[in-house]
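[1] Need coordinates for the following:
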Amino acid sequence: MAPFPQKHLMAHEKPENRIGRPSEYRPEYCQAVIDYMGQGYSLTAFAGSIRVSRNAVYEWCRAHQAFGDAVARARPARVAALETKLLRSRKGAETSAAMFALKNADPTEWRDLKNDPAQSQPRRCDADRRATIRHCQRQERGRWHCD
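    Prediction:
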């Protein structure tokens with residue numbers, strides 16, 4: 001037995017062995033993130049509005065399924081708000097800014113299309129259609145090419 005009374009439990013004797021401070025997550029953030037991003041703001045902006053780090057918000061997405069689902073619903077709401085802003089914009093800079101935001105918010109739908117090298121290559125066709133294609137080549141130079 002110790003010669004003096006212990007005031008603190010040893011780390012291995014604590015009922016819960018947690019490290020760090022408790023999470024600042026609250027269930028009401030689920031609706032709050034949908035409302036905030038529905039105005040066109042990003043998830044990082046939402047984190048700033050509730051005074052937490054961006055990493056904390058991403059951690060909540062992983063740790064709390066309801067919050068992760070809310071963020072998944074909020075992303076399309078953000079795109080809808082940005083598209084509305086684009087449709088209402090009247091000036092060139094305003095339009096460019098809205099398009100830039102959309103390219104970052106939803107790059108699969110709002111990306112710059114580049115020339116596809118497969119489309120610029122001459123098309124190959126079978127021998128039965130060569131005569132028809134030669135006729136078309138005379139009318140539209142360079143569009144079709146057969147070997």
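[2] rest of the way, CA atoms for contacts and neighbours
    Noted.
[3] so where's the longest helix in this structure?
    If you go by DSSP state H, the chain has its longest helix at helix 65-88.
[4] Show me which residues of that one are buried.
    Within helix 65-88, the residues that count as buried by 16 or more other Cα atoms under 10 Å are 66-68, 70-71, 73-83, 85-86.
[5] same question, stretch 55-68
    Buried residues in stretch 55-68 (16+ other Cα under 10 Å): V57, Y58, W60, C61, A66, F67, G68.
[6] Now render the residues you listed as a markdown table, adding pLDDT and distance to R90.
    As requested, the buried residues of stretch 55-68 are exported to a markdown table (pLDDT from 0 to 100; distance: Cα to Cα, whole Å):
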| residue | pLDDT | distance to R90 |
| --- | --- | --- |
| V57 | 94 | 35 |
| Y58 | 94 | 35 |
| W60 | 94 | 38 |
| C61 | 94 | 37 |
| A66 | 95 | 38 |
| F67 | 95 | 36 |
| G68 | 95 | 35 |
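[7] and of those residues, the nearest to L43?
    Here the nearest of the buried residues of stretch 55-68 to L43, counting by Cα to Cα, is V57; it sits at 7.9 Å.
[8] Verify the contact between the closest one and A47 for me.
    Yes - counting by Cα atoms under 8 Å, V57 touches A47, with 6.3 Å between them.
[9] one step back: show me which of the buried residues of stretch 55-68 is closest to A32.
    Distances from A32 to the buried residues of stretch 55-68, taken by Cα to Cα, are shortest for F67, at 10.0 Å.
[10] List the contacts of the closest residue to the closest one other than its chain neighbours.
    Nearest residue to F67, sequence neighbours excluded (Cα to Cα, 6 or more residues apart in numbering): C30, at 5.1 Å. Shown in contact with C30 (Cα atoms under 8 Å, 6 or more residues apart in numbering): A66, F67, A70, V71.
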